[in-house]
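Engineer: This is a predicted model, with the sequence first.
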Amino acid sequence: MIQFLLNQTLVSEHQIDANTTVLNYLRQQKGRCGTKEGCASGDCGACTVTLGSVVEGKMRYETVNSCLLPMGALDGKQLLTVEDLRQGDQLHGVQQAMVNCHASQCGFCTPGFVMSLFTLQKNSNGWDRQQAESALAGNLCRCTGYRPIVEAARIACEQPEEDSFTQREQETVKRLKEMQQHAFSDVVIESSRCVIPKTCAQLARFYLDHPQAVLLAGGTDVMLRITQQYQKLPLMITLEKVEELHQWQETSEAILIGAAVPLSVCQQRLQTTIPIFSEMLHRFASLQIRNRGTLGGNIANASPIGDCSPMLLALDASLILQQGERLRQLPLDQFFLGYRRTALESGEFIRAIHIPRVTLSPDFRAWKVSKRREDDISAVFAAFNLKRDEGVITEARVAYGGMAGVPRRASACEAALIGQLLSATTLENACRALVQDFQPLSDARASAAWRMQLAKNLLRRYFHQLNGELAVSEVSHYVS
């Protein structure tokens, strides 16, 4: 059984197809058709809804794509759709701002924009254009244009109102806390089943007994098998409630990040310790996706163009893996065996990501190259991390995504760097060595020759920055 609040209405679902998305549930079973389906892949934002959860005794709201949200993710949370925003017989302030600014034409995308604006208003302390653009980056408008929508965001943030959600916050917190008491949920209908463990021990035991089950963290990748490939997953284990997988520990020796920590949390918490990593996460998909997608999931899907893996490889990260009661630590550069293949054994899962502090060099850099700046997949992702002693390179970690069937370190390039001065000769030798490391493919995003040239050029850019010969504004740096 799963329980959640649909606005303020308690909903208990004892039997529901675990493959059901929240979008289809709302439209087909609840008659809430304000939430739209545009792409069924989390790209357009027409299906945006708001999830509320209790954090430190207060309500925290975040936007998510309901087209990729499994029903199990609602357990113990509050779900808000555009129909919930009205205040008696009046529009909510963000809705009125959209009307006053003439920010809607055909209206298909409008409910998604409204939910993003509502959540932005709840999470802001006034108008901040950069924050607003980040909040709206996952919502696609095909006809209105973004100027009036951004203006509506400004008004909503500058003139927030005390709405029914603020007035009933403590009541909502109390009800959600009461719901959290029920344990080890199991939602099943016929052959489709979703298990929701609450501890790593429960997860490890069940996964060891059912290694064929699909682990579901954020679902931003796995759910595409349902929405795009029309598969039916017979058994899912959702990691939503496993507390150990959401832990974050920082010591003098390492940063330990639970595998189910959302990327939006990583982006926020790494701002001070690894700012380049945090900056690159801003370009990872949209806020809706980052609110659901997890660091462990981005690694486990073993995509050759996963943005996090090259950075973690350059930081010499390792993985804490669990199988039953057994734990083992595996260097990340030994994890990827081939295209979409990993070293995970039957019934084994990623428990945490370990980043040694000794590798947190001020010379760490990363660049993502894609056709669009926002919400796009990498053509090539490069991460560099050198250590020097009196000008001589003593350690080198160079990693790329998009250059092979897996994210991979450039071992020949690294060998060409270690023991050398940071010179033009060293740079050119390292660039030539990249040809030994990679034989990239041509596809819809880029040709093999272009990828190789780009990989070399990014290495050159890194060298010129370290030498102080290149002072340019990064595209990702915000200009007000």
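Structural biologist: Perfect, thanks for sending it.
Engineer: Could you pull out the buried residues of stretch 423-436?
Structural biologist: For stretch 423-436, the neighbour count (16 or more other CB atoms under 10 Å) marks 426-427, 430-431, 433-434 as buried. (C-beta placed from N, C-alpha, C; glycine too.)
Engineer: And stretch 194-206, end to end?
Structural biologist: As for stretch 194-206, its first-to-last residue distance stands at 12 Å under the measure CA to CA, to the nearest Å.
Engineer: no no, stretch 140-147
Structural biologist: So stretch 140-147: terminal residues 13 Å apart, CA to CA.
Engineer: try stretch 123-136
Structural biologist: Across its full length, stretch 123-136 reaches 13 Å between end residues, using CA to CA.
Engineer: what about it, distance to the chain center?
Structural biologist: If you compare the mean C-alpha spot of stretch 123-136 with that of the full chain, they lie 19 Å apart, counting by CA atoms, centre = their mean, to the nearest Å.
Engineer: Look at the closest residue to Pro70 other than its chain neighbours and give its secondary structure.
Structural biologist: Taking CB to CB, 6 or more residues apart in numbering as the measure, Pro70 lies nearest to Gly219, with 5.5 Å between them; neighbours along the chain are not counted. For Gly219, the assignment made with DSSP: H, G, I helix; E, B strand; the rest coil gives coil.
Engineer: Show the pLDDT at Gly219.
Structural biologist: The confidence metric pLDDT takes the value 95 at Gly219.
Engineer: still on that earlier bit, now, which of the buried residues of stretch 423-436 lie within helices?
Structural biologist: For those, membership in helices holds for 426-427, 430-431, 433-434, with DSSP state H as the criterion.
Engineer: so where do the strands sit in the stretch 301-450 of the chain?
Structural biologist: The residue ranges that make up the strands of the stretch 301-450 of the chain, judged by DSSP state E, counting those that start in this stretch, are 318-323, 326-331, 336-338, 341-342, 348-356, 365-369, 380-389, 392-401, 408-409.
Engineer: domain assignment for the protein?
Structural biologist: As recorded under automatic domain parsing, the domains making up the chain are 2-83+167-238, 93-162, 247-359, 365-466.
Engineer: State the mean pLDDT of the last one.
Structural biologist: Put plainly, it is domain 365-466. So the average pLDDT for domain 365-466 ends up being 95.
Engineer: Okay, now it: how far is its last residue from its first?
Structural biologist: 10 Å.
Engineer: on that earlier part again, quick one: residues contacting the residue nearest to Pro70.
Structural biologist: 68-70, 73, 292 (CB atoms under 8 Å, 6 or more residues apart in numbering).
Engineer: Pick out whichever of the residues you listed sits closest to Thr119.
Structural biologist: Within the contacts of Gly219, the smallest distance to Thr119 is 13.6 Å, found for Arg292 (CB to CB).
Engineer: ok, that closest one to Val222 distance?
Structural biologist: The spacing between Arg292 and Val222, counted by CB to CB, to the nearest Å, is 11 Å.
Engineer: Between the two, which has more neighbouring residues?
Structural biologist: Arg292 (26 against 20; other CB atoms under 10 Å).
Engineer: burial count for the residue nearest to that one when sequence neighbours are not counted?
Structural biologist: Spatial nearest neighbour of Arg292, chain neighbours left out: Gly218 (3.7 Å); criterion: CB to CB, 6+ apart. Other residues within reach of Gly218 by the criterion other CB under 10 Å amount to 28.
Engineer: Quick check: Gly218 vs Asn467, distance?
Structural biologist: When distances are taken as CB to CB, Gly218 and Asn467 turn out to be 40 Å apart.
Engineer: next one: Gln323
Structural biologist: Counting by CB to CB, the gap between Gln323 and Asn467 amounts to 47 Å.
Engineer: Pick out whichever of these two has more residues nearby.
Structural biologist: A direct count of neighbours by other CB under 10 Å for Gln323 and Asn467 places Gln323 higher, at 18 against 12.
Engineer: Met1: neighbouring residues, count only.
Structural biologist: The local packing of Met1 (other CB under 10 Å) involves 14 other residues.
Engineer: switch to numbering from 69
Structural biologist: Got it, the first residue is 69 from now on, which makes the last one we talked about Met69.
Engineer: Skipping its backbone neighbours, what lies nearest it in space?
Structural biologist: What sits nearest to Met69 in space, not counting adjacent residues and going by CB to CB, 6+ apart, is His82, at 4.9 Å.
Engineer: Give the burial count for the one you found, as a bare number.
Structural biologist: Taking other CB under 10 Å as the neighbour definition, His82 ends up with a count of 10.
Engineer: do Leu324 as well
Structural biologist: For Leu324, the tally of surrounding residues (other CB under 10 Å) stands at 16.
Engineer: List the beta-bridge partners for it.
Structural biologist: With DSSP bridges applied, the residues forming beta bridges to Leu324 are Gln317, His422.
Engineer: Also Leu489?
Structural biologist: Going by DSSP bridges, Leu489 is paired in beta bridges with Val460.
Engineer: Pull the contacting residues for it.
Structural biologist: For Leu489, the set of contacting residues under the criterion of CB under 8 Å, 6+ apart consists of 459-461.
Engineer: for Cys334, same thing?
Structural biologist: Applying CB under 8 Å, 6+ apart, we find Cys334 in contact with 325, 345-346, 349, 363.
Engineer: I'd like the next helix or strand past whichever strand or helix holds it.
Structural biologist: In the assignment (DSSP states H and E), Cys334 maps to helix 331-337. Sequence-wise, the next helix or strand downstream of helix 331-337 (DSSP H and E) is helix 343-349.
Engineer: which parts of that following helix are buried?
Structural biologist: By 16+ other CB under 10 Å, the buried positions in helix 343-349 come out as 344-349.
Engineer: What distance do you get for Gln189 to Thr234?
Structural biologist: If you measure Gln189 against Thr234 using CB to CB, the figure is 10 Å.
Engineer: Compare the two (neighbour count), which wins?
Structural biologist: The neighbour comparison of Gln189 against Thr234 (other CB under 10 Å) goes to Gln189, with 24 against 11.
Engineer: Find the nearest non-adjacent residue to Val79, please.
Structural biologist: With CB to CB, 6+ apart as the criterion, Val79 has its nearest non-adjacent residue at 5.6 Å, and that residue is Phe72.
Engineer: got the contact list for that neighbour?
Structural biologist: When contacts are counted by CB under 8 Å, 6+ apart, Phe72 is found next to 78-79, 142-147, 247.
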